[in-house]
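Engineer: please work out how this folds:
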Amino acid sequence: MGEQLYENRELSWLRFNERVLEESEDERTPLCERLSFISIYQTNLDEFFMVRVGSIHDEMLVSKDKKENKTSMTPGEQLEAIRERVKELNKRKDISYAHLMGRLEEQNIHLINFAKLNDKQGSYLQKYFEQEILPLLFPNIVNKKQPFPFIKNNEICAVAVLVSKNAKTKNIKTRIGIVPCNNGMFRRLIQIPGADGYYMLAEELILHFLPSVFTGYNIVSKSLIRVTRNADIDADKGYDEDQSYREHMEEILKQRRKLSPVRMEYTRDLDKQVLTQMKNFLKIDKDMIFKIKAPLDLSFVFDIQDILRHKAELFYNKRFPQRSPELDETKPLLPQIVEGDKLLSYPYESIRPFLNMLTEAANDPTVISIKMTLYRLAKHSKVVEALVEAAENGKQVDVLVELKARFDEENNIEWSRMLESAGCHVIYGLDGLKVHSKLCLITRKIGDEVQYITQIGTGNYNEKTARLYTDLCLMTANQKIGAEAAKVFQTLSLGEVVDDVEYLMVAPKCLQSRIIEKIEHQIAIAREGGKAYLGFKLNSLTDKVIMEKIIEASRAGVKVEMVIRGINCLRTGIPGKTDNIRVVSIVGRFLEHSRIYIFGTGRWEEMYIASADFMTRNTVHRVEVAAPILDKNLRKRIRDMFRLQLSDNVKAREQKPDGSYPYVSHEKPLINAQEQLYEEAYRRVENE
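Structural biologist: Numbering: from 1, shown residues only. Next up is the predicted model:
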């Protein structure tokens, strides 16, 4: 009974990445934007293997029979299901890629091989290879004296099966030659001379000229390969308290680069014996070796986009984040927030007012301290600049930098050094818990009065993603919220977590339980015949405790509407169980990232924005913050956004009882929620 209600987390994620792939197939999406989506599909899948498949491999080492708590699948069963699903999706990806390259030829962009070159072009490329590429290659031949070389994570290599030119017919021994192809020292997309719009990938050039690399051998067969390594490593394991935590994290990053392979991809037929040798050398599961027709790394499509940038019709219409009509940026911002709560909606509105508020606080003589949690930052961060300026101006600046933010560790390590050198007090999070909250607290001293200005967001303090991700940013001078934010920072500085709050919800101790209480309240209303409602906008839903309570709400007659971009482990529309639940997923121009919780309707409605998805890792294993939206006008604005997304019939997909996500029927009028929200942002400014 339980299995039909739930979806395996990993298979649900693959359904999400299928929706990304669909965007590369959608003829309504401009051609160059479709290129972006096919590349995003691939990079998403790379990270999935590095993190999730790597994690399952680690689980198998502990217990092969341990079952996950939603569909009771063992690690081995999950890996088998993943393999079959990935094979299906990669076939679609290869077909989509071939179609897109055909469409690019209509724009005079041709990615070719040697079969399509004339003699003059072939001679040029041979000379180019010998002069520009060959001196920078580091080939390896695997034999008794030369062990199998270390292949970096997601590095493309040319592999050749070699036979010595001096080998006797009766005693032929084959060897494997390996050449790394993307060392960063030469261009990947090579233009063919005398043929405008014709290009070749560097790895294809290297593969073709392997006889010039392995001069003493005949080449029996050859292929390009790419190896993906496990990146799932426990950052707190083995930590010695006598060691700097930052130094410990630097060691962890070095270890991660050397973790075991979990996947190999290859492009040409290789002898089964050779594939077996590769499997044995890499110690990789044979079922995690995939043959791919498209290039192994699709990031070169962004170079093609740059070549075609002058053709505006191949891209989305240009959009620019608008200024917020709620804030007058020609005047001091802190007093405006004191007058009333303010809300920014990215990317439709600019992050600039928040950045200006930080800079203003750094220079305001009434500001005595700034406290902030940092998870992911832009490479050239205006946020860090403001915090440094504040410290240099004598403010007390306390910053929690989460060094365990996966794949942003190196960036965060460097920022932590810069902040410390400027005089900021930097801490690095808690043992066993990531600090994922988006929380900033500015404390002012005006006469004898202490005044708090608090910012709570759904997304990172990152100027780049604020133009690409949909997120919400609340700025409030509510003193009760400010006092609880101060409590959060105080406990973090002591290495502890908040265990009692009234206004905020704070994980790991005061978020999941509060959500359950509020759902139970709606269940009670429904059972008494009242109008009960739950609305959630999330990236992912995997927390079984919350899902069980949502199922209970559905069975009690509570109307439940959810906009979930990514993983959703709860199946809807099952009679008598989840038939009062509707789930919509929007994958479009912008990455849906904001989290909204709505409980109840009308005058009894409660609304929160949060940094936390309904995933156990967020609700139980991280420090997260959700903030109430107390201003009725802001509540209406967020509610209207939510309702608009539920009405989307262009980029929205609706989950069916079998777990599939077909597009919502394209009835007129057509509603693209993201485009409409941008149009509204433009209109609000025009109508001031």
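
Engineer: just checking, Ile289 touches Asn280?
Structural biologist: No - the pair Ile289 / Asn280 is not scored as a contact, 11.7 Å apart, by CB atoms under 8 Å. Where C-beta positions appear, they are placed from N, C-alpha and C, glycine not excepted.

Engineer: of these two, which one has the most company?
Structural biologist: Legend: neighbour count by other CB atoms under 10 Å for Ile289 and Asn280, higher for Ile289 (20 against 11).

Engineer: any idea what the more buried one is bridged to?
Structural biologist: Beta bridges link Ile289 to Met264 when assigned by DSSP bridges.

Engineer: and if you look at Leu433?
Structural biologist: Assessed by DSSP bridges, Leu433 has beta-bridge partners Leu430.

Engineer: my guess is it meets Val620, correct?
Structural biologist: No - at 9.4 Å, Leu433 does not count as touching Val620 under the criterion of CB under 8 Å.

Engineer: neighbour count: the two, which is higher?
Structural biologist: It is Leu433, of Leu433 and Val620, that has more neighbours when counted by other CB under 10 Å, with 20 against 16.

Engineer: pLDDT score assigned to that one?
Structural biologist: What the model reports as pLDDT for Leu433 is 90.

Engineer: likewise for the one 10 residues further on?
Structural biologist: At Thr443 the predicted local distance difference test score is 98.

Engineer: now do Ala673
Structural biologist: 97.

Engineer: same thing with Asn118?
Structural biologist: Confidence score, pLDDT, at Asn118: 84.

Engineer: ok, it to Thr601 distance?
Structural biologist: 71 Å (CB to CB, to the nearest Å).

Engineer: how about the nearest residue to Lys311 once chain neighbours are set aside, what does it touch?
Structural biologist: The shortest distance from Lys311 to any non-neighbouring residue, by CB to CB, 6 or more residues apart in numbering, is to Gln107 (6.9 Å). Gln107 sits next to 31, 308, 311, 314 when contact means CB atoms under 8 Å, 6 or more residues apart in numbering.

Engineer: show me how to select, in PyMOL, the buried members of the residues you listed.
Structural biologist: Under the burial definition 16 or more other CB atoms under 10 Å, those of those that qualify are selected in PyMOL by:
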select buried, resi 31+308+314
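
Engineer: a markdown table for the contacts of Gln107, including secondary structure?
Structural biologist: Shown next, in a markdown table, are the contacts of Gln107 (DSSP: H, G, I helix; E, B strand; the rest coil):
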| residue | secondary structure |
| --- | --- |
| Leu31 | helix |
| Leu308 | coil |
| Lys311 | coil |
| Leu314 | helix |
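
Engineer: list the contacts of Lys480.
Structural biologist: Residues near Lys480 by CB under 8 Å, 6+ apart: 502-503.

Engineer: chain center to whatever helix or strand it lives in, what's the gap?
Structural biologist: Following DSSP states H and E, one finds Lys480 within helix 479-493. Relative to its parent chain, helix 479-493 has a centroid offset of 29 Å by CA atoms, centre = their mean, to the nearest Å.

Engineer: ok, then the element right after it?
Structural biologist: Next along from helix 479-493, by DSSP H and E: strand 505-507.

Engineer: what packs against that next one?
Structural biologist: In terms of contacts (3 or more CB pairs under 8 Å, 6 or more residues apart in numbering; DSSP states H and E), strand 505-507 is packed against strand 622-628.

Engineer: strand partners of the strand it packs on, parallel vs antiparallel please.
Structural biologist: Looking at strand 622-628 with DSSP bridges, its partner strands are strand 434-435 (parallel), strand 505-507 (antiparallel), strand 606-610 (antiparallel).

Engineer: could you export that strand as CSV, CA atoms only?
Structural biologist: Extracted C-alpha coordinates of strand 622-628, given in CSV (Å, rounded to 0.1, in the frame of the first residue of the first chain):
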residue,chain,number,x,y,z
ARG,A,622,20.6,21.7,8.8
VAL,A,623,20.2,25.1,10.4
GLU,A,624,17.4,26.7,8.4
VAL,A,625,15.1,29.7,9.0
ALA,A,626,11.6,30.4,8.0
ALA,A,627,10.1,33.9,8.6
PRO,A,628,6.4,34.9,8.9
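
Engineer: between helix 479-493 and that strand, find me the angle.
Structural biologist: Counting by axes from the mean of the first three to the mean of the last three CA atoms, to 10 degrees, strand 622-628 points 180 degrees away from the direction of helix 479-493.

Engineer: centre of the chain to strand 622-628, how far?
Structural biologist: Remark: strand 622-628 is offset 20 Å from the chain centroid, using CA atoms, centre = their mean.

Engineer: what of stretch 594-607?
Structural biologist: That offset, for stretch 594-607, works out to 27 Å (CA atoms, centre = their mean).

Engineer: repeat for stretch 662-676
Structural biologist: Taking CA atoms, centre = their mean, one finds the center of stretch 662-676 at 25 Å from the center of the full chain.

Engineer: now Ile523: how far from Lys559?
Structural biologist: For Ile523, the distance to Lys559 (CB to CB) stands at 12 Å.

Engineer: apologies, that question was intended for Phe114.
Structural biologist: Per CB to CB, Phe114 is found 62 Å from Lys559.

Engineer: among Asn118 and Thr601, which residue is more densely surrounded?
Structural biologist: Counted by other CB under 10 Å, Asn118 and Thr601 do not tie: Thr601 has more neighbours, with 16 against 11.

Engineer: can I assume the more buried one is in contact with Tyr533?
Structural biologist: Yes - between Thr601 and Tyr533 a contact is recorded at 4.7 Å, counting by CB under 8 Å.

Engineer: residue nearest the centroid of this protein?
Structural biologist: The centre of the chain sits closest to Asn44, judged by CA atoms, centre = their mean, with a distance of 7.4 Å.

Engineer: find the helix or strand that the closest residue to that residue other than its chain neighbours is a member of.
Structural biologist: If the residues on either side of it in the chain are set aside, Asn44 comes closest to Asn17, at 5.0 Å by CB to CB, 6+ apart. Using DSSP H and E, Asn17 maps to helix 9-25.

Engineer: low-confidence ranges, the stretch 101-250 of the chain, go.
Structural biologist: For the stretch 101-250 of the chain, the stretches with pLDDT under 70 are 167-171, 233-250.

Engineer: and the strands in it?
Structural biologist: 110-111, 140-142, 155-164, 174-180, 189-191, 198-201, 217-229 (DSSP state E, counting those that start in this stretch).

Engineer: one step back: so how far is Ser72 from the residue nearest to Lys311?
Structural biologist: Separation of Gln107 from Ser72 (CB to CB): 50 Å.

Engineer: for Tyr461, same thing?
Structural biologist: Per CB to CB, Tyr461 is found 40 Å from Ser72.

Engineer: between those two, who's got more neighbours?
Structural biologist: Tyr461 (28 against 12).

Engineer: give me every residue that touches that one.
Structural biologist: Shown in contact with Tyr461 (CB under 8 Å, 6+ apart): 372, 374-377, 381, 383, 438, 440.

Engineer: which ones among these are found in helices?
Structural biologist: Assigned to helices by DSSP state H, the following of the contacts of Tyr461 qualify: Val383.

Engineer: looking at the contacts of Tyr461, spot the one nearest Val584.
Structural biologist: Of all these, Val584 sits closest to Lys438, with 24.3 Å by CB to CB.

Engineer: could I get the phi/psi values of the residue lying closest to that closest one once chain neighbours are set aside?
Structural biologist: In space, and not counting its chain neighbours, Lys438 is closest to Gly457: 3.7 Å by CB to CB, 6+ apart. Backbone geometry at Gly457, expressed as degrees, to the nearest 10, gives phi -130, psi 170.
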